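A.B. asks: would you be able to build a 3D model of this:
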Amino acid sequence: MSKRANRPEQAPPKAEVAEARSVGANYMEWPSAIRAREWVDADGTRWRPRSGGGTPPKKRLEHLLASPEVRVLHFYGPDAPTAVALPDREALWQRVRSYLREPVVRASDDYTDFRVAKFRDERRRSLLVIEESC
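C.D. replies: You can find the predicted model right below:
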């Protein structure tokens with residue numbers, strides 16, 4: 001059994017919890033496979049993050065996005081995530097990649113952010129999760 005399997009699930013950072021509570025009655029938590037550290041798809045397949053759920057290197061992301069064998073899910077809003085078809089991945093990548101640079105340079109009225117993580121299932125298939133927030 002790996003060390004990762006023995007670790008308890010991590011709670012969200014205190015600042016994230018406090019921010020959620022301060023928003024009030026209008027607050028609606030969006031689904032997040034990265035925050036939950038797990039995703040169960042419509043077929044019942046359980047997906048878990050690789051590399052601790054951190055963002056893979058840029059070259060690896062480009063390879064994953066170009067692979068027809070990798071499923072890509074785009075999370076945005078309270079609805080279920082959207083599967084990103086192979087022909088649409090390049091356009092999504094063009095939007096995402098500038099937000100993954102450090103430091104992120106954005107306009108004063110741009111509150112968009114992206115989180116990206118690679119997930120795997122028991123059969124070692126890959127799933128790339130892209131979460132957009134604002």
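A.B. asks: touching, Arg48 and Ala36? I think so.
C.D. replies: No - counting by Cβ atoms under 8 Å, Ala36 is not a contact partner of Arg48; they are 10.2 Å apart. C-beta: built from backbone N, CA, C; applies to glycine.
A.B. asks: looking at these two, which is more packed in?
C.D. replies: Each of Arg48 and Ala36 has its neighbours counted (other Cβ atoms under 10 Å); Arg48 has more, 16 against 13.
A.B. asks: across the sheet, point out what pairs with the more buried one.
C.D. replies: When bridges are called by DSSP bridges, Arg48 pairs up with Arg120.
A.B. asks: now do the strands in the chain.
C.D. replies: 39-40, 46-49, 71-75, 82-83, 113-120, 126-133 (DSSP state E).
A.B. asks: dump the ones you listed into TSV; add distance to Arg106 and mean pLDDT as well.
C.D. replies: Listed next are the strands of the chain as TSV, based on distance: least, Cβ to Cβ, whole Å; pLDDT from 0 to 100:
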stretch	distance to Arg106	mean pLDDT
strand 39-40	28	95
strand 46-49	26	96
strand 71-75	20	97
strand 82-83	23	96
strand 113-120	9	93
strand 126-133	13	95
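A.B. asks: thank you kindly, that will do.
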